[in-house]
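Visitor: take a look and give me a structure for this.
(one chain, ligands or ions: 1)
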Amino acid sequence: MTAVIGLTGGIGSGKSTVARLFGELGIHWVDADDVARQVVEPGTPALEQIRQHFGDRILDPQGGLDRAALRAIVFRDPDQRTWLEGLLHPLIRQELQRQLVPEHYDQAYSILVSPLLLETDQHTMVQNIVVIDVPVETQITRTMARDNNDRSQVERIIAAQMPREEKLKKADEVIDNDVSLNDVKRQVEAIHKTLLVAFG
Ligand code: ATP
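Guide: All right, here's what the predicted structure looks like:
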């Protein structure tokens, strides 16, 4: 049986970067953010249910989901947020489970990459938790450089996420990503070996 390993960390901590390094070792990974977008793509039953519930105001001119419009509605109305989460969370979970173990996959484990692994019940889907750790200042400068955001925007997002110390308490393995890419690659290779022993 293929184990599922959770990979998490705050904004700009390096989740995508580290997932790609595991990918280079032949490990399949699925990004929960990608799946959250896929379940509401045009033509999906979920998008149609959302449209029936909230009306055409949550559609963009191309018929896709207008995320900003939907966010504004559920931000004002907790009951509507509960309705939306009740629809989407089980769908996302089901789709994650489907994608995490592809047919004929013969590795000991695959990886669920999720910024909200510890904040949501997604952590119940994994057998082991890897937290990517960087100082807040590194998170800020890397995210600003990548997204062209200003500092206060990034600081607001970090303040809304689970604090670094709490994430570390829940970690089975920690990757220090305040280092060069070569150094992080070595850490990934070491954790890969550990996981092969534990789940192979
Ligand atoms: P988000 O939560 O916003 O999706 P993330 O956790 O997936 O972010 P990445 O996109 O992997 O983070 O990394 C953030 C930025 O930092 C990227 O531009 C990436 O290239 C850079 N980065 C990641 N790791 C390192 C490193 N060890 N050295 C230098 N730059 C890095």
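Visitor: how about the nearest residue to the residue positioned nearest the centre of the chain, chain neighbours excluded?
Guide: Closest residue to the average C-alpha location of the chain: Ser114 at 2.0 Å, with CA atoms, centre = their mean. Nearest residue to Ser114 in three dimensions, chain neighbours excluded: Ala32, at 3.7 Å (CB to CB, 6 or more residues apart in numbering). Every C-beta, even on glycine, is put in place using the N, C-alpha and C of the backbone.
Visitor: wait, the one you found touches Asp121, no?
Guide: No - between Ala32 and Asp121 there is no contact under CB atoms under 8 Å: 11.8 Å.
Visitor: who has more neighbours, the two?
Guide: The neighbour comparison of Ala32 against Asp121 (other CB atoms under 10 Å) goes to Ala32, with 24 against 10.
Visitor: phi and psi next, for that one.
Guide: phi -60, psi -30 (degrees, to the nearest 10).
Visitor: ok, now Ile11?
Guide: Backbone torsions of Ile11, given as degrees, to the nearest 10, read phi -60, psi 130.
Visitor: quick check: it vs the ligand, distance?
Guide: Distance, Ile11 to the ligand, by CB to the nearest ligand atom, to the nearest Å: 4 Å.
Visitor: pLDDT wise, what is the nearest residue to that residue once chain neighbours are set aside at?
Guide: Nearest residue to Ile11 in three dimensions, chain neighbours excluded: Ile157, at 5.2 Å (CB to CB, 6+ apart). pLDDT recorded at Ile157 is 92.
Visitor: which strands and helices sit next to the host helix or strand of Ile157?
Guide: Ile157 is part of helix 151-160 when elements are defined by DSSP states H and E. Other helices and strands packing on helix 151-160, by 3 or more CB pairs under 8 Å, 6 or more residues apart in numbering; DSSP states H and E, are helix 136-147.
Visitor: could you list the alpha-carbon positions for the helix it packs on in PDB?
Guide: As requested, the backbone C-alpha atoms of helix 136-147 are provided in PDB (Å, rounded to 0.1, in the frame of the first residue of the first chain):
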ATOM      1  CA  VAL A 136       9.400  34.700   8.700                       C
ATOM      2  CA  GLU A 137      11.800  37.300   7.100                       C
ATOM      3  CA  THR A 138      12.800  34.800   4.500                       C
ATOM      4  CA  GLN A 139       9.100  34.000   3.800                       C
ATOM      5  CA  ILE A 140       8.400  37.700   3.300                       C
ATOM      6  CA  THR A 141      11.400  38.500   1.000                       C
ATOM      7  CA  ARG A 142      10.900  35.400  -1.200                       C
ATOM      8  CA  THR A 143       7.200  35.900  -1.500                       C
ATOM      9  CA  MET A 144       7.600  39.600  -2.300                       C
ATOM     10  CA  ALA A 145      10.200  38.800  -4.900                       C
ATOM     11  CA  ARG A 146       8.100  36.000  -6.500                       C
ATOM     12  CA  ASP A 147       4.700  37.700  -6.500                       C
END
